[in-house]
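Asker: What follows is a predicted structure for the sequence shown.
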Amino acid sequence: MTLEQAIFLAILQGISELFPVSSLGHAVLVPALLHWTIKRDDPTYLAFLVVLHLGTGLALMAFYWSTWAKLGVAFWRAVVRGRISNDPDEHLAWLLIAGTVPIGILGVFLEQPVRVFLGSTILVACFLVLNGLVLFLGNALRRRVRVSEQAIPQLSLGEGALIGAAQGFSLLPGVSRSGCAMVAGLLRGLSHEEAARFAFLLATPVIFAAAVLEIPKLCAPGVHLALVNACVGGVVAAVTGYLTVAFLTRYFQANDLRPFAWYCVLLGAVTIVLTLMKVVV
Amino acid sequence: MKSLALLATIVCFALAALYLTGHGPAASAHKIHVAHAVLFAGLGLLSLLWYRFAQTASDPTA
């Protein structure tokens, strides 16, 4: 992998991890579309992806550091007291725990079985189209179904767990974690802005945990991670991730999911056609 | 509820230990499953918090 490819992949990761367009799907489709000869199951490539994920996780943590600091204090306050009070920060801290447990369980037990899909470009493209349709559906249902609008702290712990569990669909390469969480949040009555904020807060521990658990891959036999590529890639992914979350929090104040839905459907459809024409393998 | 929370804590930590030593229920060929162990250790900690909350709920003076 050249330095230019490393930088390109880092930018792609920083953007697609947080945009509701599936970073895993892009990590499979874009190198295939560009005819890059990167082996997706090569230990060195997997180790490089771990560094990119750590960069994105750090960017999310940095963007929401004041929120996480408040949530940490609120969490311990509730533990010491032995009950959850009506404080919104305490409730949000427990909502995030309730939302993280289902994706943690699903991720640990289902990650290996669904990994077989990574080898098929056409299947990943189909999942990307499906992701776009889910975004369209979520957006349309949010407008039609009469759900009383609520803020994040008004969600029950069960609703938090449900939104967290919805992220489980993102184990399928091509389906976006933040997209699933946002659609589930919208259907529980959150605004686009609140749904995005909750999705990003939920994403932070998931991205970090996934990256930290994959750290041993950095020392796996056969890994020849170029230090320059890894360092530059990690920093570029972190900077891009920070800029992306800053952009999206502003974007969702007045806009919805439709542009991302169109993008997923079009990219998926083009990839399917090119794969059937054997232009992409 | 307290007993259930305590039972869940013990089961989760036991499963975490089993996975870490390569003897977990789904551990094929005695392979160490770090992710499974970390998951069950986390669930064990949450069960411990559940026990703490259940204790306070049953004893308002605690």
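Answerer: All right, it came through fine.
Asker: For the helix or strand of chain B with the lowest mean pLDDT, list every residue counted as buried.
Answerer: Comparing every helix and strand of chain B by mean pLDDT, DSSP states H and E singles out helix B:34-58 as the least confident one, with a mean of 87. For helix B:34-58, burial by neighbour count (16 or more other C-beta atoms under 10 Å in any protein chain shown) applies to B:35-44, B:46-54. Just so you know, the C-beta spots here come from the backbone N, C-alpha and C atoms, and that holds for glycine as well.
Asker: what sits against the residue in chain A positioned nearest to chain B?
Answerer: Distance from chain B to each residue of chain A (C-beta to the nearest C-beta) is smallest for A:Gly82, at 2.9 Å. Residues in contact with A:Gly82 (C-beta atoms under 8 Å, 6 or more residues apart in numbering or on different chains) are B:52-53, B:55-57, B:62.
Asker: at 6 Å what do you get?
Answerer: B:52-53, B:56 (C-beta atoms under 6 Å, 6 or more residues apart in numbering or on different chains).
Asker: what does the least confident helix or strand of chain B rub up against?
Answerer: A:82-83, A:104, A:108, A:213, B:1-2, B:5-6, B:8-9, B:12-13, B:15-16, B:19-20, B:24, B:62.
Asker: Apart from its neighbours in sequence, what residue is nearest the most far-flung residue of chain A relative to its centre?
Answerer: If you look at how far each residue of chain A sits from its centre, by C-alpha atoms, centre = their mean, the farthest one is A:Arg81, at 33.7 Å. Spatially, and ignoring its direct neighbours in sequence, A:Arg81 is nearest to B:Thr56 (7.4 Å; C-beta to C-beta, 6 or more residues apart in numbering or on different chains).
Asker: The closest residue to chain A within chain B and A:Arg115: what is the separation?
Answerer: Nearest to chain A in chain B, going by C-beta to the nearest C-beta, is B:Thr56, at a distance of 2.9 Å. If you measure B:Thr56 against A:Arg115 using C-beta to C-beta, to the nearest Å, the figure is 43 Å.
Asker: Over to A:Gly189. Which of the three states is it?
Answerer: In three-state terms, and counting by DSSP: H, G, I helix; E, B strand; the rest coil, A:Gly189 is coil.
Asker: name the helices or strands packed onto the strand or helix carrying A:Leu128?
Answerer: Taking DSSP states H and E as the definition, A:Leu128 sits inside helix A:121-144. If contacts are counted by 3 or more C-beta pairs under 6 Å, 6 or more residues apart in numbering or on different chains; DSSP states H and E, helix A:121-144 sits against helix A:23-33, helix A:177-187, helix A:258-276.
Asker: Would you mind checking the average pLDDT for stretch A:130-147?
Answerer: The pLDDT scores in stretch A:130-147 average 85.
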